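>>> Kindly generate the corresponding structure for this input.
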Amino acid sequence: MNDVPKRIAIIGIGSPHGDDQFGWAVADCLSRRFGSPARGNASDDCLAQPAGLGIDRLEYAEGPKARSFVGNMPPNKRLDRWPDGDGGTTDDPALQAGLGKPMGRWPAGEICIFKCNNPIDVIPMLDDFDRVASVDAGVGLPTETPFRRLNYADAVDRQWMASRPVRGTHDFGLHQTLQLAQTLGKRIDHVEIWVGNAIAFDPMSKMTQQSAAAVRPCVDAIAEEWCRARTIAG
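Got it, this is the predicted structure:
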């Protein structure tokens with residue numbers, strides 16, 4: 001057992017356009033899986049269509065119960081006060097919005113779940129967490145493969161990512177983002193990527209049946225792996 005609990009981030013990348021919602025749907029489902037009963041059971045509504053949110057939600061999982069923070073500010077702007085999940089507000093810097101905080105500001109030994117609409121938003125989180133998982137839609141997976149887990153420290157996985165075309169609404173893909181992060185001196189060996197098998201990216205459309213069906217298995221796989229990681233770390 002490690003002396004220092006790990007800080008874990010799960011980042012759903014997406015947009016409201018067809019299968020590009022995969023990362024958001026996984027993040028929403030995971031937040032409910034780790035969340036309080038008041039947020040609903042994951043089996044009831046984790047596949048509800050996201051409402052076009054950018055990075056405006058932070059789910060802070062605290063043991064079996066989660067505090068939920070919802071706002072409407074960009075990721076680099078902090079709030080003076082922030083909803084505490086119990087009807088009040090808090091000025092605790094560990095619970096405020098903003099991705100540029102030093103690691104000491106994030107809760108140790110917990111899982112933080114984010115949603116963003118551009119892979120470039122991942123870069124500020126790389127120094128703040130010990131483990132980072134990005135979830136995004138992608139093309140090029142075999143039809144029978146609903147999702148794939150990639151380890152960015154693995155050269156074979158990096159080569160596979162580099163060979164995939166950038167699709168969806170992101171002009172700058174996750175692979176290019178992590179290359180940029182490495183150029184900027186950021187750590188990238190602690191990043192893993194969960195890629196959902198995407199088919200269609202029609203504007204403001206629902207996910208295809210195939211992509212939506214892949215959300216639950218991906219959530220189950222991430223929850224199992226990262227809950228185990230949190231247990232080992234704590």
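>>> Where do the helices of this protein begin and end?
22-34, 42-45, 155-163, 174-183, 209-233 (DSSP state H).
>>> for the ones you listed, which one sits closest to Cys112?
The closest approach between Cys112 and any of those, judged by C-beta to C-beta, belongs to helix 22-34 at 10.0 Å. (C-beta placed from N, C-alpha, C; glycine too.)
>>> if I look at Gly156, how far off is Ala221?
Careful, residue 156 is Val and not Gly. 20 Å (C-beta to C-beta, to the nearest Å).
>>> Okay, now the unreliable bits of this structure?
1-5, 34-110, 166-172, 226-234 (pLDDT under 70).
>>> sorry, back to before: deepest of the helices of the chain, which one?
helix 22-34 (a mean of 27; mean count of other C-beta atoms under 10 Å).
>>> Tell me how many other residues surround Asn118.
17 (other C-beta atoms under 10 Å).
>>> And it, how far from Asp28?
18 Å.
>>> follow-up on the earlier one: export the helices of the chain as JSON lines, with columns for distance to Ile199.
Below are these laid out as JSON lines (distance: least, C-beta to C-beta, whole Å):
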{"stretch": "helix 22-34", "distance to Ile199": "10"}
{"stretch": "helix 42-45", "distance to Ile199": "23"}
{"stretch": "helix 155-163", "distance to Ile199": "19"}
{"stretch": "helix 174-183", "distance to Ile199": "18"}
{"stretch": "helix 209-233", "distance to Ile199": "6"}
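>>> Ala200: which of the ones you listed is closest?
Closest of the helices of the chain to Ala200 is helix 209-233, at 8.1 Å (criterion: C-beta to C-beta).
>>> Quick check: closest non-adjacent residue to Leu184.
Spatial nearest neighbour of Leu184, chain neighbours left out: Ile123 (7.3 Å); criterion: C-beta to C-beta, 6 or more residues apart in numbering.
>>> Would you mind confirming that that neighbour is in contact with Leu180?
Yes. Ile123 lies in contact with Leu180 (C-beta atoms under 8 Å); the separation is 7.1 Å.
>>> Give me the distance between Leu150 and Met204.
29 Å.
>>> Between the two, which is the more surrounded one?
Leu150 (20 against 10).
>>> give the contact list for the more buried one.
Shown in contact with Leu150 (C-beta atoms under 8 Å, 6 or more residues apart in numbering): Asp157, Trp160, Met161, Glu192, Ile193, Trp194, Val195.
>>> So in terms of bridging, what pairs with the fifth one?
Going back to what we said before, that points to Ile193. Legend: beta-bridge partners of Ile193 under DSSP bridges are Ser134, Leu150.
>>> How many residues are close by it?
By other C-beta under 10 Å, neighbour count at Ile193 equals 25.
>>> That one reaches Arg149, doesn't it?
Yes. Contact criterion C-beta under 8 Å: Ile193 and Arg149 qualify, at 7.4 Å.
>>> Over to Ala198: give its phi and psi.
phi -100, psi 150 (degrees, to the nearest 10).
>>> Show the contacting residues for it.
Gly18, Asp19, Asp20, Phe22, Ala137, Gly138, Val139, Arg167, Gly168, Ser211.
>>> That one and Gln210: what is the separation?
Where Gln210 is concerned, Ala198 sits at a distance of 9 Å (C-beta to C-beta).
>>> What of Ile113?
On the measure of C-beta to C-beta, Ile113 and Gln210 end up 24 Å apart.
>>> what does Glu225 give?
According to C-beta to C-beta, Glu225 stands 23 Å off from Gln210.
>>> Equivalent analysis for Phe201, please.
Look at Phe201 and Gln210: by C-beta to C-beta, they are 14 Å apart.
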